[in-house]
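my questions concern the predicted model and sequence given below.
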Amino acid sequence: MTNELPRRIDEHTLNAGDPSTFAGRYYCHNLVYYERFTYVQHAIEREKQTKKWSRKKKEELISSFNPDLKRSQIGMNSTLFGPSFLQISH
């Protein structure tokens, strides 16, 4: 969960290959799914909910949002800003 999605995506990208971070170890730097929430608590609740799901259920959610698994072009220079996001990187 983040309140600044472009920054978090850039952080994941910069950590690629860094074994001291989860994103770096597993090369999680392509955003393929996100949800936008007005309230932080709602984003946290949704994150807790999806973490309990099976991989298959998560993949189905991603496919419904992004069937071609296109990588998001959101980054530090993006104009997308918002209150809170749940992101699932692939």
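Perfect, I can see it now.

only C-alpha atoms for contact and neighbour calcs from this point on.
Fine.

what does stretch 44-64 contact?
Residues outside stretch 44-64 that contact it (CA atoms under 8 Å, 6 or more residues apart in numbering) are M1, V32, Y33, L69, L86.

farthest pair within those?
Considering CA to CA, no two members of those lie farther apart than M1 and L69, which are separated by 20.2 Å.

re earlier: which among the contacts of stretch 44-64 gets closest to A16?
For the contacts of stretch 44-64, the minimum distance to A16 (CA to CA) is 16.2 Å, reached by V32.

I'd like to know which elements the helix or strand harbouring the closest one is packed against.
Assigned by DSSP states H and E, V32 belongs to strand 31-37. Judged by 3 or more CA pairs under 8 Å, 6 or more residues apart in numbering; DSSP states H and E, strand 31-37 is in contact with helix 55-65, strand 84-89.

lowest-confidence stretch among the ones you listed?
Lowest mean pLDDT within those: strand 84-89, a mean of 49.

list the contacts of stretch 12-25.
When contacts are taken as CA under 8 Å, 6+ apart, the neighbours of stretch 12-25 outside the stretch itself are Y26, Y27, C28, H29, N30.

and the helix or strand following the strand holding V32 with helix 55-65, angle?
Later in the chain than strand 31-37, the nearest helix or strand by DSSP H and E is helix 40-51. Inter-element angle recorded for helix 40-51 and helix 55-65: 120 degrees (by axes from the mean of the first three to the mean of the last three CA atoms, to 10 degrees).

now helix 40-51: mean pLDDT?
The average pLDDT for helix 40-51 rounds to 93.

alpha carbons of it, as CSV, please.
What follows is helix 40-51 as a C-alpha-only set of coordinates in CSV (Å, rounded to 0.1, in the frame of the first residue of the first chain):
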residue,chain,number,x,y,z
VAL,A,40,-5.9,4.6,3.7
GLN,A,41,-7.8,2.2,6.0
HIS,A,42,-9.8,0.8,3.1
ALA,A,43,-6.5,0.2,1.1
ILE,A,44,-5.0,-1.6,4.2
GLU,A,45,-8.1,-3.7,4.6
ARG,A,46,-8.0,-4.7,0.9
GLU,A,47,-4.3,-5.5,1.1
LYS,A,48,-4.9,-7.8,4.1
GLN,A,49,-7.8,-9.4,2.2
THR,A,50,-5.8,-10.1,-1.0
LYS,A,51,-2.8,-11.4,0.9
